[in-house]
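J.: okay, structure incoming, though there's no sequence with it:
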């Protein structure tokens, strides 16, 4: 307890803010559609902070506490400092709940002033009086702070009187448990300060009971009337309220004031119970607590005048008995009022839910209906169903669900309908007949529920006639496409077979005569060169060279054919390593040439390693060939920096005119004469075939005599 108080003192003095661990917390939506965790502030607390400075609030609270304490001490008839009626307890707990924990200095100051000026402690030494007053004040302050913390933590704070269970928690935590701190701390302080405390336990019970009764009655009264606006009553309600107040005042005057009948009317005191319960039912928590407050005023006033059912020779005992009645009746009224309020909230939520359901049902643009699971008759339909199907609402309610099924469709018997398990959602495709006889395709979504205490099915119908028609058309087109694909596939297979036969002929039947021509020409040059003049020898040399060119061309065509027909083997490929290997081969072919190769490191991709090597080999050999007339040739292999990189081979060779770039990758297309640069015109076509098979594309940029750059990309599916 002492540590808790020290924490509160230290935090408030250092920051001037309410300690974070004692603040009421709530979730609230921020403008960014997120959720933040922030202190909850009541309208009463916010308005008080806006209108009054902190010091004024503390001063006002201290003054109210002091006046309430003076009233309570004036009713202390037997035990010094222990009063059966102690208004400051309920006031301080309400202040903590309404204004926060930082009002503790006001409670402490009011309690010190009240005890220093307590007549029952007069005559004591100044040191003892001040010590006892400070100890009692600390106990009173701790009582309020602990009660506020417990209620905020476990009983929903200021909203504790909205539900019966939180009312019970408030009573157990704030009224019964926390008030024991004040009684224990107060009597302990008196004892330690040297004051006599006769009948300690009876004095403790009086102190505790007075605080408890105050918290039960005064705290709810202040909270309930501070955080909400006063409702406007209709004339009938106003007359009923006046009648209830008049009846309550009359019974209190008869029972507790001895009016008219004297002690003979004491038994009428229990008639206040039905009046207060009726008030709780009709006028809620505020009405109930007001009735209890009126009862407390008349009951205490009558008891002090030694009238009423609890009048005894000992006024302390009389007030304790009176407080017992007030506390019990207040608890009953608060519990009943909270239960009624909770029921009203539930009924309001139910009506709101039904209203939202009705709006969703009637305003839904899709046709909806509910039908009985056993009789299959329509129970409710929305406006969209009436518009879409052509039946009036009355006609719908006279039909069965099977009446929507076209005659040509076999209607499912009731036994075939899926079991109506509550909450089950089932989707189906049905055909429905409208009132005008037209047939539509509908997608049915069923939701099984209980409607008017009977098993029923709620249905949402979506007209999918156009969709079904489109699906049928798509299916027809797909079938037509499949037929064409089969035809084209058979044609392609036949073409491939012819191509294989052609390749076989080229490999064997065509190359054999070429070898014979070349061989006999070379023999003639070797054996009969002396018998031929220079012109004849030139003819034979040209025949040999032409046969070599023809053989190379046939070899390139066979490679191009194999590239088209080879199966792709996907795997990681290091293009940098392939380029280095090809560059080494090219240097070995012509060691006398000075060519600078600049190959970027770690060029990696996914693809068929063999085919990519063929493509890169053609590009590098192409660059090697067209830089042959440069004294300082440079060939570069790299990649661009875009998100989808393009690999390139760049050279500073002969280049070409971009006007002819469209012909660059065609078979047998050459942009330079054979006298300048040898070749068959098949290499770049092979490159494009390989790149196309990898889902990429190949292109080139160049300037005449400035060099050329050949780019290629691979599909992202390969990377």
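T.: Received, thanks. The model shown is predicted, which means the values in this text are computed figures rather than measured ones.
J.: now for the helix or strand where residue 688 lies, which elements pack on it?
T.: Per DSSP states H and E: residue 688 is located in helix 683-693. The helices and strands touching helix 683-693, judged by 3 or more C-beta pairs under 8 Å, 6 or more residues apart in numbering; DSSP states H and E, are helix 534-565, helix 609-626, strand 698-703, strand 707-712. Heads up, the C-betas are built off the backbone N, CA and C, glycines and all.
J.: how does it look with 10 Å?
T.: The elements that helix 683-693 packs onto, with contact taken as 3 or more C-beta pairs under 10 Å, 6 or more residues apart in numbering; DSSP states H and E, are helix 534-565, strand 604-608, helix 609-626, strand 698-703, strand 707-712.
J.: residues in contact with residue 300?
T.: Applying C-beta atoms under 10 Å, 6 or more residues apart in numbering, we find residue 300 in contact with 75, 84, 85, 256, 308, 318, 319, 322, 323, 326.
J.: about what we covered before: which positions in the helix holding residue 688 come out as buried?
T.: Buried residues in helix 683-693, counted by 16 or more other C-beta atoms under 10 Å: 683, 684, 685, 686, 687, 688, 689, 690, 691, 693.
J.: not counting sequence-adjacent ones, nearest residue to residue 225?
T.: residue 286 (6.4 Å; C-beta to C-beta, 6 or more residues apart in numbering).
J.: should've said residue 361
T.: Residue 361's closest residue in space is residue 382 (C-beta to C-beta, 6+ apart), at 5.3 Å.
J.: that neighbour against residue 360, yeah?
T.: Yes: counting by C-beta atoms under 10 Å, residue 360 is a contact partner of residue 382 at 9.2 Å.
J.: ok, those two, which is more surrounded?
T.: Ranked by neighbour count (other C-beta atoms under 10 Å), residue 382 and residue 360 place residue 382 first, with 23 against 11.
J.: for that one, what are its contacts?
T.: So residue 382 contacts 358, 360-370, 388, 393, 396, 460 (C-beta under 10 Å, 6+ apart).
J.: just residue 283 next, same as before
T.: 231, 233, 237, 240, 241, 244, 290, 291, 337, 340 are the contacts of residue 283 under C-beta under 10 Å, 6+ apart.
J.: top strand in the chain by residue count?
T.: If you go by DSSP state E, the chain has its longest strand at strand 439-451.
J.: for the helix or strand just after that one, name the packing helices and strands.
T.: Moving toward the C-terminus from strand 439-451, the next helix or strand (DSSP H and E) is strand 454-463. Other helices and strands packing on strand 454-463, by 3+ C-beta pairs under 10 Å, 6+ apart, are strand 368-372, strand 378-381, helix 383-389, strand 425-433, strand 439-451.
J.: what is the burial count for residue 120?
T.: What residue 120 shows, counting by other C-beta under 10 Å, is a neighbour count of 15.
J.: how near is it to residue 160?
T.: 34 Å (C-beta to C-beta, to the nearest Å).
J.: same question for residue 664.
T.: 86 Å.
J.: neighbour count: those two, which is higher?
T.: Between residue 664 and residue 160, residue 160 has the larger neighbour count (other C-beta under 10 Å), namely 26 against 22.
J.: please state the offset of the host helix or strand of residue 648 from the chain centre?
T.: Secondary structure assignment for residue 648, by DSSP H and E: strand 647-651. In this view, strand 647-651 has its centroid 51 Å away from the chain centroid, taken as C-alpha atoms, centre = their mean, to the nearest Å.
J.: got it, and stretch 360-374?
T.: 30 Å.
J.: tell me the mean pLDDT over that stretch?
T.: For stretch 360-374, mean pLDDT is 89.
J.: domains of the chain: list them as residue ranges, please.
T.: The record's domain parsing of the chain by automatic domain parsing lists 2-10+43-224, 235-343, 364-463, 473-562, 566-718.
J.: among those domains, show me which one is buried the most.
T.: Counting by mean count of other C-beta atoms under 10 Å, domain 2-10+43-224 has the highest mean neighbour count of these, with a mean of 20.
J.: quick one: average pLDDT of that domain?
T.: According to the model, domain 2-10+43-224 has a mean pLDDT of 86.
J.: and the nearest residue to residue 598 once chain neighbours are set aside, helix, strand or coil?
T.: Nearest residue to residue 598, sequence neighbours excluded (C-beta to C-beta, 6+ apart): residue 636, at 4.3 Å. Taking DSSP: H, G, I helix; E, B strand; the rest coil as the rule, one finds residue 636 in the strand state.
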